[in-house]
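Engineer: sharing a sequence plus its predicted fold:
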Amino acid sequence: MKKVVFILISLLILSSGFKLGSIDTNSKMKAIFIMNFTKMIEWPKSYREGNFVVGVIGDSPLYTELTKMAKTKKVSNQSLQIKKFNTIKDIGKCHILYVSRNKSQEISSVLKKVKSNSTLIITEKQGLVDKGAGINFIIKNNRQKFELNKKNVEKYKLKVSSNLEALAFTVK
């Protein structure tokens, strides 16, 4: 009986550990994708000075992963700065703005807030590239992928590399 209980407890611990691990892995993957996006998108000259700012609106474990990366990574010659925004009113000038799942329903307000900036909008909910996002994270065949809406990216005066288009799961 003790063996059965021990095995059940061990399985429970292991299975919960894998679930936690997959969440962290997913956030790490998205952070790596975002860092690679910075190499395949060109911002206007005025955005190439000062810190390279990545904003996260809403709650997401991605914020923690990006903060870890900011300690050791740079974007070209710019220091990486990660900002967390709790409300749309808080959003300031960013190079990239990640809209977390819990703020996805406010995408139109987010777009109005950043419309005069050269900001790459990244989301993680189906259909948001059709509503104004430039890049949307998706899962296909248990793998992290992304959709690209080139028109939405270019409308913010950003230039998309053909390499980014080639890597996208879908391009609109």
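Structural biologist: Great, that's in hand. Numbers count the residues shown, from 1 in each chain.
Engineer: this structure: strands as residue ranges?
Structural biologist: 41-42, 52-57, 74-75, 78-85, 96-99, 120-123, 135-140, 143-148, 159-160, 170-171 (DSSP state E).
Engineer: just those strands: most buried one?
Structural biologist: Mean neighbour count (mean count of other CB atoms under 10 Å) peaks for strand 96-99 among the strands of the chain, with a mean of 27. C-beta here means a position set from N, CA and C on the backbone, and glycine is covered the same way.
Engineer: could you name the helices and strands sitting against that one?
Structural biologist: In terms of contacts (3 or more CB pairs under 8 Å, 6 or more residues apart in numbering; DSSP states H and E), strand 96-99 is packed against helix 2-40, strand 52-57, helix 107-114, strand 120-123.
Engineer: sheet partners, orientation included, of it?
Structural biologist: Looking at strand 96-99 with DSSP bridges, its partner strands are strand 52-57 (parallel), strand 120-123 (parallel).
Engineer: so Asn149 sits right up against Val129, yeah?
Structural biologist: Yes. With contacts counted by CB atoms under 8 Å, Asn149 reaches Val129, the gap being 4.1 Å.
Engineer: re earlier: reformat the strands of the chain as TSV; add mean pLDDT and distance to Tyr63.
Structural biologist: As requested, these are exported to TSV (pLDDT from 0 to 100; distance: least, CB to CB, whole Å):
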stretch	mean pLDDT	distance to Tyr63
strand 41-42	97	21
strand 52-57	98	4
strand 74-75	94	17
strand 78-85	97	5
strand 96-99	98	8
strand 120-123	98	13
strand 135-140	94	15
strand 143-148	94	17
strand 159-160	96	25
strand 170-171	88	26
